[in-house]
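Student: quick one, structure for this:
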Amino acid sequence: LRVESKGTGRVYLRGAAYANYTGESWDCLSNEALSELEALAQDDPLAFLTQGREAGQIDSATITHLNGPTRMAYSIYQPVNLDENLSGVRYVADSYLRLEETRTEYTVELTTSGGLDSGIHEAAYRQFVYEHYLDVPEELEEVLADWWQEVQPQTQPNSYSQTGAVVKSFAEGIALALEENTQYDLQTPVTPREEDFVAWFLTESRRGYCVHYASAAVLLLRMNGIPARYVSGYTVELTGGTALVLDSAAHAWVEVYLDGYGWYPVEVPPGFDGDFPW
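Tutor: The predicted structure follows:
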């Protein structure tokens, strides 16, 4: 990819978000959940991507797919709208942007501030989030609870329904616990076939990279009552208004749901800043 924008610094190109952890990988929402979501969207194909976000400072980013036309669109945070030529774009499965026709280039309008309106979309979607983004496999709950009790014995997490600051602070605590009790290693061996991916990372290998850290963080957040989901995409440094995005820039991170705001991205692997730059 090539990214062109007025901004500078590290940027994250959001590809797709995933809801369901299988023990080996992440999947999208179930068909039943997607049917429920479609009814909530009220024929607005971008309702839960933009979340009625009120724009603050506006910027834009033009993204070019160098390998040829695509139907999957990437976006830098926080998206507000797409150029008028992309009227057929849809937010699919509460996960990713899909273009109606294949394109090699598109422009995304962004905001660096602002929040949600208080309309029906936010209220209805919030309930949906609490129903579908808190699931932890039953067989993994005890492993997570024991690990968390060991590394954070003094932490008494409160309900997510407090404030965004509380949630973000708690997410930073999880990132710190992971950093202190595991090792970031791009050469981490493959998890044995019969083992749970996250359980093996936390209790056996204690080695991993972004996929391991993001997966573990999502489930630890959920275990403590915070709706979260796994996100894949790319991250690069934007200098001089342009960045070339290589395969080596592939990355995974976490989104937590903040009341009155929507999905807020959080960084967890060691070596990153621990949060996004806004």
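Student: which secondary structure elements does the lengthiest helix in the chain contact?
Tutor: Using DSSP state H, we find that the single longest helix of the chain is helix 164-181. Applying 3 or more C-beta pairs under 8 Å, 6 or more residues apart in numbering; DSSP states H and E, we find helix 164-181 packed against helix 138-151, helix 210-223, strand 250-258, strand 262-266. To be clear about C-beta, it is placed using only N, CA and C from the backbone, and glycine gets the same treatment.
Student: and of these, who's closest to residue 232?
Tutor: Among those, the nearest to residue 232 by C-beta to C-beta is strand 250-258 (5.1 Å).
Student: what lines up beside the closest one in the sheet?
Tutor: strand 228-238 (antiparallel), strand 262-266 (antiparallel) (DSSP bridges).
Student: which of these has the lowest mean pLDDT?
Tutor: For those, mean pLDDT drops lowest on strand 262-266, to a mean of 86.
Student: ranges for the helices of the protein?
Tutor: So, for the chain - with DSSP H - the helices run 31-41, 47-50, 120-132, 138-151, 164-181, 197-200, 210-223.
Student: let's have those helices in CSV, adding distance to residue 14.
Tutor: Below are the helices of the chain laid out as CSV (distance: least, C-beta to C-beta, whole Å):
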stretch, distance to residue 14
helix 31-41, 18
helix 47-50, 9
helix 120-132, 17
helix 138-151, 26
helix 164-181, 17
helix 197-200, 22
helix 210-223, 13
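Student: could you dump the ones you listed to JSON lines with distance to residue 108, mean pLDDT and mean neighbour count?
Tutor: Listed next are those as JSON lines, based on distance: least, C-beta to C-beta, whole Å; pLDDT from 0 to 100; neighbours: other C-beta atoms under 10 Å:
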{"stretch": "helix 31-41", "distance to residue 108": "20", "mean pLDDT": "86", "mean neighbour count": "14"}
{"stretch": "helix 47-50", "distance to residue 108": "11", "mean pLDDT": "59", "mean neighbour count": "22"}
{"stretch": "helix 120-132", "distance to residue 108": "20", "mean pLDDT": "84", "mean neighbour count": "16"}
{"stretch": "helix 138-151", "distance to residue 108": "36", "mean pLDDT": "94", "mean neighbour count": "14"}
{"stretch": "helix 164-181", "distance to residue 108": "24", "mean pLDDT": "86", "mean neighbour count": "18"}
{"stretch": "helix 197-200", "distance to residue 108": "32", "mean pLDDT": "98", "mean neighbour count": "22"}
{"stretch": "helix 210-223", "distance to residue 108": "23", "mean pLDDT": "97", "mean neighbour count": "24"}
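Student: can you say which of those is nearest to residue 12?
Tutor: Closest among the helices of the chain, using C-beta to C-beta: helix 210-223, at 11.6 Å.
Student: out of the helices of the chain, which is closest to residue 105?
Tutor: Of the helices of the chain, the one closest to residue 105 (C-beta to C-beta) turns out to be helix 47-50, at 19.6 Å.
Student: may I have the phi/psi pair for residue 24?
Tutor: phi -120, psi -30 (degrees, to the nearest 10).
Student: residue contacts, it?
Tutor: Counting by C-beta atoms under 8 Å, 6 or more residues apart in numbering, residue 24 makes contact with 191, 196-197.
Student: between the residues you listed, which sits nearest residue 6?
Tutor: When the contacts of residue 24 are compared for distance to residue 6 (C-beta to C-beta), residue 197 wins out at 39.3 Å.
Student: check contacts around the closest one.
Tutor: Residue 197 makes contact with 23-25, 191, 212, 215, according to C-beta under 8 Å, 6+ apart.
Student: which of those residues sit farthest apart?
Tutor: Spatially, the most separated pair among the contacts of residue 197 is 23 and 212, at 13.6 Å (C-beta to C-beta).
Student: cheers, nothing more for now.
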